[in-house]
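>>> sharing a sequence plus its predicted fold:
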Amino acid sequence: MRAIHSLLALVLLSAATHISAAEPLKLLFLGDNGHHQPAARFAQLQPVLKDRGIELTYSDKVEDLNADTLGKYDGLIIYANTTRITP
């Protein structure tokens, strides 16, 4: 539960400068199929953050960490046991 609180705090801090914008803050949430159950954490966070103007999109594909995909988002949340990300 501590990790979820830390994650949520980071997201909210990131959003603090974006709150007054007309469009939602768009974040990519990178998960995996690991024991921390990222898809379940996403399902918990997504509706709460949506009500606060933060739009989360879930992916479990490390290949989504590329310029084209990341260019569609304001930020990235990594909640995965990913130890290697290529440039």
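Done, it's in. Residues are numbered from 1 along each chain as shown.

>>> what segments of the protein are helices?
In the chain, the segments counted as helices under DSSP state H are 2-15, 38-50, 67-70.

>>> now the shortest one: mean pLDDT?
If you average the pLDDT over helix 67-70, you get 96.

>>> how about the second one?
For helix 38-50, mean pLDDT rounds to 96.

>>> that helix: which residues count as buried?
For helix 38-50, burial by neighbour count (16 or more other C-beta atoms under 10 Å) applies to 38, 41-42, 45-46, 49. C-beta: built from backbone N, CA, C; applies to glycine.

>>> with respect to Asp32, which of these is nearest?
Pro38 (6.0 Å; C-beta to C-beta).

>>> and the spatially closest residue to that closest one that is not a sequence neighbour, what's its pLDDT?
Spatial nearest neighbour of Pro38, excluding adjacent residues (C-beta to C-beta, 6 or more residues apart in numbering): Gly31 at 2.6 Å. pLDDT, the model's per-residue confidence, is 96 for Gly31.

>>> roughly how far does the one residue sitting closest to the centre of the chain sit from Ala22?
Central residue of the chain (C-alpha atoms, centre = their mean): Phe29, 2.9 Å from the mean position. According to C-beta to C-beta, to the nearest Å, Phe29 and Ala22 sit 22 Å apart.

>>> go on, Gly71?
20 Å.

>>> swap in Pro38?
Separation of Pro38 from Ala22 (C-beta to C-beta) stands at 30 Å.

>>> what's the local residue count around Tyr58?
17 (other C-beta atoms under 10 Å).

>>> contacting residues around it?
29, 31, 38-39, 42, 46 (C-beta atoms under 8 Å, 6 or more residues apart in numbering).

>>> swap in 6 Å and give it another go.
Tyr58 makes contacts with 29, 42, as judged by C-beta atoms under 6 Å, 6 or more residues apart in numbering.

>>> show residues contacting stretch 80-87.
So stretch 80-87 is contacted by 30-32, 34, 38, 62, 65 (C-beta under 6 Å, 6+ apart).

>>> and the residues you listed, which of them are buried?
Buried among the contacts of stretch 80-87 (16+ other C-beta under 10 Å): 30-32, 38, 65.
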